[in-house]
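A.B. asks: coords please:
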Amino acid sequence: MITTDYKKIFNLDKAVLDAIDPEIHKLLSFWNSREDKITVHTSGSTGNPKKINIYKNQMIASAKNTLGYFDIKDNSTFLNCLPMKYIGGKMMLIRAILSKSKIVLYKPSVNPINQLDTEIDFIALTTLQLNYLLEKKHIFKKIKLAIIGGGLVSENLISKIQNLTTNCFQTYGMTETISHIALRSLKNCTIKTPYKCLKGVKVGANNKNQLIINSKELDIENLVTNDKVKILSNKEFLFLNRTDTIINSGGLKINPDEVENKILKSLGDNNFFIDKIKNDKFGEEIILIALKKIKIDLLIESINLIKDKKIQPKKIYIVDKFIFNDNQKIDKLKSKNYAFKLKRVHKISI
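C.D. replies: As a prediction, this is how the structure comes out:
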């Protein structure tokens, strides 16, 4: 862990920064240079990772949008535990620099913080990191504001944060939008709580209900996403599902996020995820992949509580671990392939 600020961080030895994350020094060198663009990796959580160019003026506009939305003052304290290889970690550091803030750096991992002695004004977490941090709820007493991204925030997870004093917001964005372009509060949140766009961002949808994003400030023009949404206005929308994760089983379109939420309601254990495999008869078949520490009898009971039998997973694959990408997200494709190749995998028909 390193405690520094927006000026001192540029004078820290490269080896000291590399011990936290080798990408920090690269970002700082870019920021101090005359270069106007930097190559950023997408996370690859929903497809093959790719590289895109992000410009300084885009990063500045995005950072100022977030700082303005939350009214973050100079000399605040930021904590970053996201990997700097990806846009989320990069933008947290740029926001801290532009707001002339103190900076606390933790080595990125799925469970990065065991103890916190400093009052934190702003932190960014993945859903997986939030899950682990909720096992140490006392830490949240020192955190004023948290933004959560990098995956589905389940109803079960939302219920766990209701009694926290920390203001928690779910983010919507991607590398192509230079981090988040919309936010929604997770306090007193329901499925009808919309995302609200940041300044200068407008949204719409095509005839397939895919979200389309525009922003002059961020230099985004008619960016069509893989996300199906319900547009409430050009500044608000409800997220429905990702079009590229929908399971088409015999013509029935199954949203894996909805199935996961139905199981979570009664199970209360999130050591699983829903996926699909090819099926000669139905085209695709819904499956469930779970860690071996999960209680199988309770899992099957929760699956059987789903009223619509057509969306119940018909097979459960048990693995000893999930595979994560560098951004602390479950790599579902690699985890699924691992499940298929693992000789100790058990198939359980429901």
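A.B. asks: Let me see the ranges of the strands in the stretch 51-200 of the chain.
C.D. replies: With strands called from DSSP state E, counting those that start in this stretch, the stretch 51-200 of the chain shows them at 51-55, 77-80, 102-105, 122-126, 145-149, 167-174, 179-185, 195-197.
A.B. asks: Any chance you could list what contacts the first one?
C.D. replies: Looking back up the chat, that one is strand 51-55. Applying CB atoms under 8 Å, 6 or more residues apart in numbering, the contact partners of strand 51-55 are Asp36, Lys37, Ile38, Thr39, Val40, His41, Thr42, Ile87, Thr175, Glu176, Ile178, Asp219. All C-beta atoms are positioned from the backbone trio N, CA, C, and that covers glycine.
A.B. asks: Kindly report the same for the fourth one.
C.D. replies: The contact list for strand 122-126 (CB under 8 Å, 6+ apart) reads 70, 72, 76-82, 88-89, 92, 95, 101, 110, 133, 143-151, 327-329.
A.B. asks: May I have the strands that pair with it, each with its orientation?
C.D. replies: The pairing partners recorded for strand 122-126 under DSSP bridges are strand 77-80 (parallel), strand 145-149 (parallel).
A.B. asks: returning to what we had before: drop anything exposed from the contacts of strand 51-55.
C.D. replies: Ile38, Val40, His41, Thr42, Ile87, Thr175, Glu176, Ile178 (16 or more other CB atoms under 10 Å).
A.B. asks: mind checking how far the closest residue to the fifth one other than its chain neighbours is from Ile212?
C.D. replies: Nearest residue to Ile87, sequence neighbours excluded (CB to CB, 6 or more residues apart in numbering): Thr175, at 4.6 Å. Relative to Ile212, Thr175 is positioned 17 Å away (CB to CB, to the nearest Å).
A.B. asks: Low-confidence ranges, the chain, go.
C.D. replies: 43-49, 343-350 (pLDDT under 70).
A.B. asks: top strand in it by residue count?
C.D. replies: strand 220-233 (DSSP state E).
A.B. asks: can you give me the strands in the stretch 251-350 of the chain?
C.D. replies: Counting by DSSP E, counting those that start in this stretch, the segments of the stretch 251-350 of the chain that form strands are 252-254, 272-279, 283-291, 315-319, 347-349.
A.B. asks: about what we covered before: include distance to Asn304 when you put the strands of the stretch 51-200 of the chain into TSV, please.
C.D. replies: What follows is these, written out as TSV (distance: least, CB to CB, whole Å):
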stretch	distance to Asn304
strand 51-55	44
strand 77-80	42
strand 102-105	46
strand 122-126	31
strand 145-149	31
strand 167-174	30
strand 179-185	32
strand 195-197	34
